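In: kindly return the folded structure for what I paste below:
(one chain, ligands or ions: 1)
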Amino acid sequence: MLTAPTFSSVEGAYLALLRLTTEEAEHHIAARGNEAREVIGVGFRLTDPRQRLPYLAERKANPVFQFAETLWYLAGRRDLEMIGYYAPSMRASSTDGIRLGGSAYGHTLFSPASGTKQSQFDQVVELLLNEPDSKRGYLPVFKSKELADRESPDVACLAGLHLLPRDGQLHMVCNMRANDLDCGLLSDVFSFTMIQEYAAIQLGLELGTYTHFIGSAHVNDRDSERVKRVLDEANSRPAAPDFPFPAMPESTEGATIAHVLQHEEALRTNQLRYNAEHIHGLGLDPYWEQVVMLFELYRQIQHDQTAAVDPGLLDALHPGLRWLMERKWPVCAAAPDGSLR
Ligand SMILES: O=c1ccn([C@H]2C[C@H](O)[C@@H](COP(=O)(O)O)O2)c(=O)[nH]1
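Out: I've put the predicted structure just below:
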């Protein structure tokens, strides 16, 4: 078979790549001081790109960051202020403490390029509405000018995203020059499949397959202990948790993203606090209400000195998101008096 191996969710692909790098690494590299085991030229296909979260207690995926990064991309942003609140480690990638560079993929994709009114994304959507069979719906992200600065801490790892409407479905092929399999892959696949689903809605198409190709697939040596624990968990658990991820509502458009981000900012800056009832009254689709609930829970974790988060919010959360929140932050798994439930 010459197409990439197929998986029904990102978790299967993630585990297969971790096993490959652990057992059959081709190279040992030390680029920019990061020692890593590497395999070159790998890929996989997801038949259901909505199944974009891994349910592995040892991995502790952070759904708050995943949605924050996706919205940051979809809004075409590159400010450190927003994304640094959810991922303090990204501060090190900014040269001026204000903006991100190559890794602000959304800025490249969703904000108008200089001298134009349309973003690359809007141009590709227009192209594909006119000629769905087109092979030109490519969104380049890595820029040749990034090669000029050898000291840059932030060079795009995403080479580009290719949108392919075929038989009523929107397929996407992603090309990455490099992917950190333990730290980068999961958040990249989450955000890129969200961009794919958003694009499918704008084109009036069903969601198709997602194919991911990587030039340098690697695991840093400093992460190898965690990778071992993740693989041990996957090998020893009786069954993988199964929490199907819902579809993005068809009403989703740029204004929806802007609306969710208004609430995001108010919560990030601790100007508002919500309970589940407030969130149900915001006029958002239940899908996007879930995202505001995640931001409110994160506000409680960051800004309130609380022994336990609001149990009403946890009860209103999608069971898969709740499962992840409880494993990521002990304060989400605590009873109101702070003891473990
Ligand atoms: O979206 C991203 C951005 C970065 N990385 C990882 C890949 C590399 O481990 C590192 C970038 O290092 P350089 O290749 O730029 O040295 O970050 C990803 O996996 N995904």
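In: need the residues of the stretch 51-200 of the chain near the ligand, please.
Out: By Cβ under 6 Å from any ligand atom, the part of the stretch 51-200 of the chain that sits against the ligand consists of Ser103, Val155, Cys157, Leu158, Ala178, Asn179, Asp180, Gly184, Asp188. The way it works is simple: take the backbone N, C-alpha and C, and place the C-beta from them, glycine included.
In: let's go with 5 Å and repeat that
Out: Applying Cβ under 5 Å from any ligand atom, we find that the stretch 51-200 of the chain lies next to the ligand at Val155, Cys157, Ala178, Asn179, Asp180, Gly184, Asp188.
In: neighbour-wise, which of the residues you listed leads?
Out: Most neighbours among those, by other Cβ atoms under 10 Å: Asn179, with 23 neighbours.
In: quick check: closest non-adjacent residue to it.
Out: Of all residues not flanking Asn179 in the chain, Ile214 sits nearest, at 4.5 Å (Cβ to Cβ, 6 or more residues apart in numbering).
In: in a strand, the one you found, correct?
Out: Yes - assignment of Ile214 by DSSP: H, G, I helix; E, B strand; the rest coil places it within a strand.
In: in contact with it, which residues?
Out: Gly41, Val42, Gly43, Met176, Ala178, Asn179 (Cβ atoms under 8 Å, 6 or more residues apart in numbering).
In: same thing with Asn175?
Out: The contact partners of Asn175, taken as Cβ under 8 Å, 6+ apart, are Leu158, Ala159, Gly160, Leu161, His162, Phe213, Gly215.
In: ignoring the adjacent residues along the chain, who's closest to it?
Out: Ala159 (4.2 Å).
In: how about the helices in the protein?
Out: Using DSSP state H, the helices of the chain run over 10-24, 63-74, 80-86, 105-110, 120-130, 185-203, 224-236, 254-268, 276-280, 286-303, 311-316, 319-328.
In: and those helices as JSON lines, adding mean pLDDT?
Out: Putting these into JSON lines (pLDDT from 0 to 100) gives the following:
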{"stretch": "helix 10-24", "mean pLDDT": "98"}
{"stretch": "helix 63-74", "mean pLDDT": "98"}
{"stretch": "helix 80-86", "mean pLDDT": "98"}
{"stretch": "helix 105-110", "mean pLDDT": "98"}
{"stretch": "helix 120-130", "mean pLDDT": "98"}
{"stretch": "helix 185-203", "mean pLDDT": "98"}
{"stretch": "helix 224-236", "mean pLDDT": "98"}
{"stretch": "helix 254-268", "mean pLDDT": "98"}
{"stretch": "helix 276-280", "mean pLDDT": "98"}
{"stretch": "helix 286-303", "mean pLDDT": "98"}
{"stretch": "helix 311-316", "mean pLDDT": "97"}
{"stretch": "helix 319-328", "mean pLDDT": "98"}
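In: dump those helices into CSV; add distance to Pro54 as well.
Out: Output for those, formatted as CSV (distance: least, Cβ to Cβ, whole Å):
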stretch, distance to Pro54
helix 10-24, 4
helix 63-74, 11
helix 80-86, 18
helix 105-110, 21
helix 120-130, 27
helix 185-203, 6
helix 224-236, 9
helix 254-268, 24
helix 276-280, 26
helix 286-303, 17
helix 311-316, 20
helix 319-328, 9
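In: among those, which is nearest Val141?
Out: helix 105-110 (5.1 Å; Cβ to Cβ).
In: so which elements touch the closest one?
Out: helix 63-74, helix 120-130 (3 or more Cβ pairs under 8 Å, 6 or more residues apart in numbering; DSSP states H and E).
In: hey, which of those is tucked in deepest?
Out: Mean neighbour count (mean count of other Cβ atoms under 10 Å) peaks for helix 63-74 among the helices and strands packed on helix 105-110, with a mean of 24.
In: got the CA positions of that helix in PDB?
Out: In PDB, the C-alpha atoms belonging to helix 63-74 read as follows (Å, rounded to 0.1, in the frame of the first residue of the first chain):
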ATOM      1  CA  PRO A  63      -7.900  20.700  26.000                       C
ATOM      2  CA  VAL A  64      -7.900  24.300  27.100                       C
ATOM      3  CA  PHE A  65      -4.700  25.000  25.200                       C
ATOM      4  CA  GLN A  66      -5.800  23.000  22.200                       C
ATOM      5  CA  PHE A  67      -8.900  25.200  21.800                       C
ATOM      6  CA  ALA A  68      -7.100  28.400  22.600                       C
ATOM      7  CA  GLU A  69      -4.400  27.700  20.000                       C
ATOM      8  CA  THR A  70      -7.100  26.800  17.400                       C
ATOM      9  CA  LEU A  71      -9.000  30.000  18.000                       C
ATOM     10  CA  TRP A  72      -5.800  32.000  18.000                       C
ATOM     11  CA  TYR A  73      -5.000  30.500  14.600                       C
ATOM     12  CA  LEU A  74      -8.500  31.000  13.200                       C
END
